[in-house]
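Colleague: Whatever this is, show me its structure:
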Amino acid sequence: MDSPHAIGFYASSAVALGGGLVVVFAGGRGLRALALLISGAGVAGVYASLSAGFVALIVLASFAGSALLLARPDYRTVRGGAAQVWRQLAAVGAAILLAALAYAAFRSDFAHVTFNGGFFGSAAVGRLLFARDALAAEAVGALVLAALVGLTVAWRVHDRSR
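Modeller: The predicted structure is shown next:
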């Protein structure tokens, strides 16, 4: 990765991290929605610096849609009704997943991959993830699956209580 791409990657990463922190700690819905949109622009910038323009557009569209939903006046949060034991088990699972991701990050080195696809070369990013960081890609997939299952269970419990 040459210097302009590296600068774009790290600057976009900083924007995404800063936006994510504001989403977590901000008070108002409007400010959180704006911070979510800024965080999405940072993540899209990371993908664009990796020559994955199509993925960047998809990420930007999904973050913008989420920000619009968050900014709606009829938006309400869903409080989980999980017991303390389940929360502790989820925290332990998240710690194990973080340790697996850290292990995958520290055992590998930077891979040099040529992106032949141009601006929309998301296939090269996929090859890079599965060739060098398969464990990290599997961990992220497991995290997404666990989040979807948890969201489904929370939605069903919330729907029954009405």
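
Colleague: tell me the domain ranges of this protein?
Modeller: 1-77, 78-162 (automatic domain parsing).

Colleague: Let me know which of those domains is tucked in deepest.
Modeller: Mean neighbours per residue, mean count of other Cβ atoms under 10 Å, is largest over the domains of the chain for domain 1-77, with a mean of 16. Quick note: C-beta positions are derived from backbone N, CA and C, even for glycine.

Colleague: Work out for me the element Ala147 sits within.
Modeller: Following DSSP states H and E, one finds Ala147 within helix 134-160.

Colleague: Show me what that helix packs onto, helices and strands only.
Modeller: helix 84-107, helix 122-132 (3 or more Cβ pairs under 8 Å, 6 or more residues apart in numbering; DSSP states H and E).

Colleague: mind redoing it with 7 Å?
Modeller: Under the contact criterion of 3 or more Cβ pairs under 7 Å, 6 or more residues apart in numbering; DSSP states H and E, helix 134-160 touches helix 84-107.

Colleague: Let me know the distance separating Gly42 from Val59.
Modeller: Between Gly42 and Val59 the distance is 10 Å, computed by Cβ to Cβ, to the nearest Å.

Colleague: mind checking which helix or strand of this protein has the lowest mean pLDDT?
Modeller: helix 122-132 (a mean of 69; mean pLDDT, DSSP states H and E).

Colleague: can you tell me which residues contact the most centrally placed residue in the chain?
Modeller: Taking Cα atoms, centre = their mean as the criterion, Val43 is the residue nearest the geometric centre of the chain, at 7.9 Å. The contact partners of Val43, taken as Cβ atoms under 7 Å, 6 or more residues apart in numbering, are 16, 59, 63.

Colleague: can I get the residues you listed in CSV with distance to Arg127, secondary structure and pLDDT?
Modeller: Compiled in CSV, the contacts of Val43 are given as follows (distance: Cβ to Cβ, whole Å; DSSP: H, G, I helix; E, B strand; the rest coil; pLDDT from 0 to 100):
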residue, distance to Arg127, secondary structure, pLDDT
Ala16, 23, helix, 90
Val59, 19, helix, 89
Phe63, 25, helix, 91
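
Colleague: Thank you, goodbye.
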